[in-house]
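J.: Generate a structure from the sequence data that follows.
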Amino acid sequence: MIIQNGKWYSVVGLCATVFFIWYVVVVEARGDILKVVFLDVGQGDAIYIEAPNGNQFLIDGGGNNKVLRSLSRVMPFYDRSIDVVLATHPDKDHIGGLPAVAERFSVDFFVDTGVVSESGAFKALFNILKTKKTSHVIAERGQTIVLDDGVELSILFPDRDVSGIETNSASIVAQLIYGDTTFLFTGDSPKNIEKYLVSLDGKRLESDVLKVGHHGSKTSTDGLFLGFVSPEYAVISAGSNNRYGHPHLSVLDTLEQFGVEVLQTAQDSNIVFFSDGERVWRKK
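T.: Numbers count the residues shown, from 1 in each chain. Got it, this is the predicted structure:
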């Protein structure tokens, strides 16, 4: 029995050593690189962000538990925590998978618009967050979430109480900044909000990567807005052959007119970008 115990402890010690070495290699390989992944969750949005220091941020969670499968492809198998989860608005195709995320992972902060939904997904999500005592933050223009030295997520909208506003129009719009590189996340914001942001921010909206609003619906991606954002890449998160006809041909035409490279989760699955603070490139 003593020998068996000794062998068992040896195996455990060996596994722990291998795990530690593997973990160090992963951390060292991370370097000063920011990773942004537009997750393939079908007809919905979910974006995973990992700062150079390892802090993790999830924007939206798609419409169902498919988000867990997509996260498993970009997160270490042993990782069971996400520092911040942000829901741009409470529509099911953005929060439907978040109850599963909140159940599976430890979440330090949850950020949303404060808009309440009567949906089952919304109620399940908040029950789990309450049980786990996750800190709840209402997004407001001017807030900055610091993920790492030089890595910040700035809230551009809402700039008011949006509790009585239609959910898409109330979407959180945020800009991720790392050095000289930027990513703009728009939720399902319609054209009138895009134009409003142009009036507020103008050239500040310029970003290397744009998450196209409302899955490529014709209700978003105004030409004036796109001109100020002037992205190199535009990402459309939508399901293959979805019943809404996303992305709309007019949106694709507008993006083509501006010379933007368009990527779609329906075609490319998880879409991975890296930034070193000076340039953005895509993992192919």
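
J.: hey, let's count contacts and neighbours off CA atoms from now on
T.: Noted.

J.: hang on, Ala46 packs against Asn64?
T.: No - taking contacts as Cα atoms under 8 Å, Ala46 lies outside contact range of Asn64: 10.7 Å.

J.: measure the residue nearest the centre of the chain to Phe228 for me?
T.: Closest to where the C-alpha atoms of the chain average out (Cα atoms, centre = their mean) is Ile47, at 2.4 Å. Counting by Cα to Cα, to the nearest Å, the separation of Ile47 from Phe228 is 23 Å.

J.: cool, and Ser70?
T.: Distance, Ser70 to Phe228, using Cα to Cα: 32 Å.

J.: How about Ser207?
T.: Going from Ser207 to Phe228 by Cα to Cα gives 9 Å.

J.: likewise Asp93?
T.: 28 Å.

J.: Show me which of these two is the more surrounded one.
T.: Asp93 (20 against 17; other Cα atoms under 10 Å).

J.: you'd agree that one is up against Val41?
T.: No - between Asp93 and Val41 there is no contact under Cα under 8 Å: 9.1 Å.

J.: joint contacts of these two?
T.: 61-64 (Cα atoms under 8 Å, 6 or more residues apart in numbering).

J.: So which of these wins on neighbours?
T.: Gly61 (32 neighbours).

J.: Below-threshold pLDDT in the stretch 1-150 of the chain: ranges please.
T.: Applying pLDDT under 70 to the stretch 1-150 of the chain flags the ranges 1-30.

J.: Repeat that for the stretch 151-284 of the chain.
T.: For the stretch 151-284 of the chain, no range has pLDDT under 70.

J.: If we go by neighbour counts, what in stretch 103-117 is buried?
T.: 103, 106-115 (16 or more other Cα atoms under 10 Å).

J.: cool, and stretch 113-131?
T.: Neighbour-count burial for stretch 113-131 flags 113-115, 121-122, 124-126, 128-129 (criterion: 16+ other Cα under 10 Å).

J.: and what of stretch 260-271?
T.: 260, 262-266, 269-271.

J.: Pick the one among those residues closest to Gly277.
T.: Looking at the buried residues of stretch 260-271 and their distance to Gly277, the nearest is Ile271, at 18.8 Å (Cα to Cα).

J.: Excluding chain neighbours, give the residue nearest to that closest one in space.
T.: Residue nearest to Ile271 in three dimensions, not counting chain neighbours: Phe38, with 5.0 Å by Cα to Cα, 6 or more residues apart in numbering.

J.: One more: Lys195?
T.: That would be Phe225: by Cα to Cα, 6+ apart, it lies 6.0 Å from Lys195.

J.: Shouldn't that neighbour be within a helix?
T.: Yes - according to DSSP: H, G, I helix; E, B strand; the rest coil, Phe225 belongs to a helix.

J.: How many residues are close by it?
T.: 23.

J.: Can you get me a residue count around Gly54?
T.: With other Cα under 10 Å as criterion, Gly54 counts 19.

J.: which parts of stretch 215-233 are buried?
T.: For stretch 215-233, by 16+ other Cα under 10 Å, it's 215-223, 225-233.
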